[in-house]
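[1] next comes the sequence, and after it the predicted model I'd like to discuss.
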Amino acid sequence: MKVTANAAMQTSESTRQESEAETLRNALLLDLRPDRVQSMSPEELIFVQQKLGYGAEYGFWDTPERWLPAGHRGAFKKRIDFKSRLRYVGVPATHIDNAILCLARYAVLLVLVPTGQGPANGRYLKQLTLWSCLYVATPLIIASSSKKIPKGGATSSDYFGLYTKADLNGIAQSDARSGVLDELKRISTLFDRGLWPSRPAYPLNTTGPEHIPQVKGEDPRPQTEDRPGKHQPLPDDYIADGGWRALWVAKNLGPTLLDICRQFIQVIKAYPLNSETRVRSANEQLRRDALRSTLAEHQWVDHKGTVIGALPFPIDAIGKGGRKADSGQWPPASPNQVVGLLQLLQMAHLWIVLLSVGSRIGEMLSIAPGSIVRSPDGKPFANGLTFKLVDKTGGAERDWPLPEIAVEAIHQQEQLCDLIHQLGYLGQDSAADSKHESVWVRVGSRTEFASEISPRLRQMSISLGLTDMPGGKNLTTHRFRKSVARLAALALSGAPKILMDLFGHKSIEMTLHYILTDPAIRAEIKQIVEEVAVMRATEAIVNAPQFGGPAAKKIMEIIQREKAQLGRDLGASDIRQLAEILTLNGQSWELVRPGVICTKLPGGRGPCTKNVGRPEPSRCRYDCSHRLEQEVLRNDVDWSIAEAIRLYELEKADQNEMMQEMWAGQILTHLRRFDDLHKKWATNEYVIEVLRGAERSS
């Protein structure tokens with residue numbers, strides 16, 4: 001029991017020490033932008049250093065003894081004399097003044113910005129780590145670089161940029177060399193964030209957007225596959241170029257193609273080859289003439305009824321047995337060219353739907369005519385079968401949510417499927433089936449559309465003037481599925497769970513494998529998450545008066561101080577720079593619930609976490625100093641206050657004290673979320689009553 005009690009006391013003491021240092025730091029960050037530290041004068045550095053609690057004498061770094069762990073207080077010097085230390089490690093006398101200024105700036109920056117490495121990545125440095133950086137690693141870096149510069153040739157920030165791999169290899173002690181390497185990585189990270197003016201002349205892996213942390217032992221994360229047949233997501237430019245072409249074919253060319261197909265079917269029925277009145281060869285010639293005459297008279301119009309005089313892009317499509325000379329001609333000159341366009345239309349429908357639902361191709365082929373249903377709230381779904389992860393013979397039924405553009409594509413494909421079955425080969429009599437097992441059918445034949453689908457997609461790409469090897473790899477149906485996974489992972493909050501349901505995976509690990517096995521996707525996700533955080537901060541800066549929550553007041557204060565320092569209103573570049581500083585280049589400002597942003601910096605504390613850690617959305621509190629509420633919530637909060645007042649009044653009339661107290665709590669909670677709503681309802685008699693009750697309780 002004594003051991004447990006001692007451990008608890010040490011943990012409590014450590015938490016108190018870190019909380020004290022954190023309080024000083026957070027108070028200073030309201031007034032100071034960390035990017036200013038790299039150009040501060042000695043007088044400014046002393047002011048900041050004193051505010052942070054590390055002494056008030058330039059060139060000396062004093063760590064309060066109470067901030068050091070109890071077991072280490074006798075092993076470390078509480079005061080670091082920068083001048084003595086730099087001389088000891090070999091900095092020439094001509095460089096001492098500049099070296100002290102460099103070390104003093106760097107020390108302050110390490111306190112203000114989270115620069116933890118390895119397991120502590122994204123956290124503020126602990127006191128012992130900070131002491132080691134300033135006493136051991138950084139002086140060694142400055143000493144090595146200072147010897148390369150002639151007298152008077154250096155500024156206080158040049159030392160880090162001159163450090164080379166040869167300097168690192170020249171350190172004899174392995175522990176010191178390892179510590180210097182960690183410091184070089186830290187400096188590179190600060191440079192990448194725009195917080196330090198130079199980086200080591202030595203290539204390093206930093207914690208920037210492309211960083212993949214090194215993991216000791218067996219790495220449990222999904223590993224990158226490296227085999228020739230690996231399916232890659234489709235490149236963005238291919239999706240953009242192919243998307244509008246496929247949509248144009250489906251929306252504008254589709255209806256007029258279906259119309260000419262219906263006319264062809266009537267011609268085939270009018271001139272049966274097995275006629276008792278004419279010989280077969282005569283009817284064949286009559287049918288060919290009638291088909292060409294029908295085609296020549298057909299008016300090619302788009303979905304608005306406007307004549308399609310020219311195509312917006314070249315289309316190179318012919319049917320089986322057609323003449324190569326007919327390919328690419330507009331309007332179509334032969335019936336076989338029309339058949340080629342029907343094939344192109346079907347593949348355009350498939351292109352749209354595959355990129356809409358991300359299904360496996362076997363699941364897509366199970367979609368039959370009439371399979372689209374709508375839920376009671378009007379949302380469309382496609383009913384089909386899934387086969388891969390089920391034990392049921394013949395597959396298990398499931399559905400896929402559909403966007404409206406995919407609904408239109410499938411409905412048009414159902415019509416096309418029926419017409420193709422009736423059309424058959426142009427040189428044979430029609431023999432339409434009464435029932436179709438799938439909406440997808442082989443054009444020019446009544447057989448199933450179950451093979452050679454990827455080659456048909458590649459042929460479609462070529463016909464539309466695109467490559468059949470986007471990103472240098474063959475176009476396959478499964479790459480559409482990978483693309484859906486990538487786009488959802490980049491764009492949606494909670495994407496893994498959404499994709500798990502959409503893809504029919506049995507475990508979240510299978511879905512994460514889709515997202516994380518490609519290092520490029522991992523880097524994209526990180527980059528987009530950071531950009532979104534900066535965008536949130538930019539919006540908050542621009543519309544600060546409309547935001548709510550305790551953090552809104554802090555942001556307003558920061559904006560006012562920034563304007564005062566600049567002597568003018570903030571421009572676009574000022575807003576962007578301030579947003580990057582507030583979020584540490586996108587490292588914070590998480591959307592913890594709809595409309596609610598947590599502005600807690602990495603390594604910081606909050607009511608939702610007992611110790612340093614990421615925000616815990618389930619514990620988010622309205623009175624947390626890090627909470628920022630977007631303007632979109634204002635109307636909901638206003639309605640909630642009105643409803644809580646109404647129900648409070650009813651419970652008071654019924655003398656139901658328990659429920660009355662509950663609604664009083666709701667009034668207090670919502671009232672404090674937006675200052676203008678607080679003012680709006682402050683004169684309400686029941687709000688006044690609730691506020692007075694809260695004052696008496698406190």
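    That came through fine. Residues are numbered from 1 along each chain as shown.
[2] my guess is F313 meets G465, correct?
    Yes. Between F313 and G465 there is a contact under CB atoms under 8 Å: 5.6 Å. In short, each C-beta sits where N, CA and C put it, glycine included.
[3] who touches both of the two?
    Shared contacts of F313 and G465 (CB atoms under 8 Å, 6 or more residues apart in numbering): R245.
[4] residue ranges with poor pLDDT in the stretch 351-500 of the chain?
    387-395, 425-436, 444-451, 488-500 (pLDDT under 70).
[5] one more time with 80, if that's ok
    Low-confidence segments of the stretch 351-500 of the chain (pLDDT under 80): 358, 385-398, 400, 424-437, 442-452, 484-500.
[6] same question for the stretch 151-300 of the chain.
    The model of the stretch 151-300 of the chain has pLDDT under 80 over residues 151-158, 201-231, 273-281, 283.
[7] which stretches in it count as helices?
    In the stretch 151-300 of the chain, helices defined by DSSP state H, counting those that start in this stretch lie at 165-169, 174-192, 236-248, 254-270, 280-297, listed in chain order.
[8] check what contacts the longest one and list those residues.
    If I follow you right, that is helix 174-192. Here helix 174-192 makes contact (CB under 8 Å, 6+ apart) with 109-110, 113, 115, 117, 132-133, 136-138, 140-141, 160, 163, 168-169, 171, 196-200, 202, 204-208, 585.
[9] now do the buried residues in stretch 463-475.
    Neighbour counts over stretch 463-475 (16 or more other CB atoms under 10 Å) mark 463-464, 466, 470, 475 as buried.
[10] oh sorry, the question was meant for stretch 402-415
    For stretch 402-415, using 16+ other CB under 10 Å, the buried residues are 402, 406-410, 412-415.
[11] run through who's touching it.
    Here stretch 402-415 makes contact (CB under 8 Å, 6+ apart) with 247, 250-251, 254-255, 258, 346, 348-349, 352-353, 356-357, 367, 369-372, 380-382, 439-440.
[12] cool, stretch 575-582 as well?
    With CB under 8 Å, 6+ apart as the contact definition, stretch 575-582 has outside contacts at 33-35, 193-194, 534-535, 537-538, 541-542, 555, 558-559, 562, 570, 586, 589, 599.
[13] can I get the buried ones among those residues as something I can paste into PyMOL?
    Restricted to buried positions by 16+ other CB under 10 Å, the PyMOL selection for those reads:
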select buried, resi 33+34+35+193+534+537+538+541+555+558+559+562+570+586+589+599
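[14] helices - which of the contacts of stretch 575-582 land there?
    Using DSSP state H, the subset of the contacts of stretch 575-582 located in helices is 534-535, 537-538, 541-542, 555, 558-559, 562.
[15] which one among these gets closest to N283?
    Lowest distance from N283 to the ones in helices among the contacts of stretch 575-582 (CB to CB) belongs to M535, with 68.0 Å.
[16] can you read off the pLDDT for the closest residue to the closest one other than its chain neighbours?
    Among residues not flanking M535 along the chain, A579 sits closest, at 7.8 Å (CB to CB, 6 or more residues apart in numbering). On the pLDDT scale, A579 is placed at 87.
[17] touching, A21 and T63? I think so.
    No. With contact defined as CB under 8 Å, A21 does not count as touching T63 (9.7 Å).
[18] okay, and the common contacts of those two?
    Listed as contacting both A21 and T63 by CB under 8 Å, 6+ apart are Q127.
[19] the buried residues of stretch 463-475: which two are farthest apart?
    Top of the distance list for the buried residues of stretch 463-475 (CB to CB): S463 and P470, 14.8 Å.
[20] ok, so of the ones in helices among the contacts of stretch 575-582, who is nearest P331?
    Comparing the ones in helices among the contacts of stretch 575-582 against P331 with CB to CB places M535 closest, at 47.3 Å.
[21] ok, which of the helices of the stretch 151-300 of the chain comes nearest G362?
    In terms of CB to CB, the element of the helices of the stretch 151-300 of the chain nearest to G362 is helix 236-248, at 21.6 Å.
[22] quick revisit: and the contacts of stretch 402-415, which are buried?
    Taking 16+ other CB under 10 Å as the criterion, what is buried in those is 247, 250-251, 254, 258, 346, 348-349, 352-353, 356-357, 367, 369, 371-372, 380-382, 439-440.
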